[in-house]
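Peer 1: prediction below, plus the sequence it came from.
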Amino acid sequence: MMKSFLKPDAMSINKQTIEQYNNQLDEAIDRINNGEFITIDDLEKEMQTW
């Protein structure tokens, strides 16, 4: 069973280009700069409601 996880053809790999990676980083940085994030304190409060 473990060998099946190690075979490349058994996995669905979506390769990402450097350009796609950099675009995702830029988008993430923009979200952070716009205040679109959650602090650990807010996350802990939200987790109490789960």
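Peer 2: That came through fine.
Peer 1: relative to the whole chain's centre, how far out is the lengthiest helix in the chain?
Peer 2: For the chain, the helix with the greatest residue count under DSSP state H is helix 18-33. Distance of helix 18-33 from its chain centroid, counting by CA atoms, centre = their mean, to the nearest Å, is 11 Å.
Peer 1: outside of that helix, which residues touch it?
Peer 2: Taking contacts as CB atoms under 8 Å, 6 or more residues apart in numbering, the residues outside helix 18-33 that touch it are residue 37. Where C-beta positions appear, they are placed from N, C-alpha and C, glycine not excepted.
Peer 1: for it, output the C-alpha coordinates as PDB.
Peer 2: These are the backbone C-alpha positions of helix 18-33, laid out as PDB (Å, rounded to 0.1, in the frame of the first residue of the first chain):
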ATOM      1  CA  ILE A  18       7.000  30.300 -11.000                       C
ATOM      2  CA  GLU A  19       4.700  33.000 -12.500                       C
ATOM      3  CA  GLN A  20       1.700  31.400 -10.900                       C
ATOM      4  CA  TYR A  21       3.500  31.000  -7.600                       C
ATOM      5  CA  ASN A  22       4.500  34.700  -7.600                       C
ATOM      6  CA  ASN A  23       1.000  35.800  -8.500                       C
ATOM      7  CA  GLN A  24      -0.400  33.900  -5.600                       C
ATOM      8  CA  LEU A  25       2.200  35.500  -3.300                       C
ATOM      9  CA  ASP A  26       1.300  38.900  -4.600                       C
ATOM     10  CA  GLU A  27      -2.400  38.300  -4.100                       C
ATOM     11  CA  ALA A  28      -1.800  37.100  -0.500                       C
ATOM     12  CA  ILE A  29       0.300  40.100   0.300                       C
ATOM     13  CA  ASP A  30      -2.400  42.400  -1.100                       C
ATOM     14  CA  ARG A  31      -5.000  40.700   1.100                       C
ATOM     15  CA  ILE A  32      -2.800  41.100   4.200                       C
ATOM     16  CA  ASN A  33      -2.200  44.800   3.300                       C
END
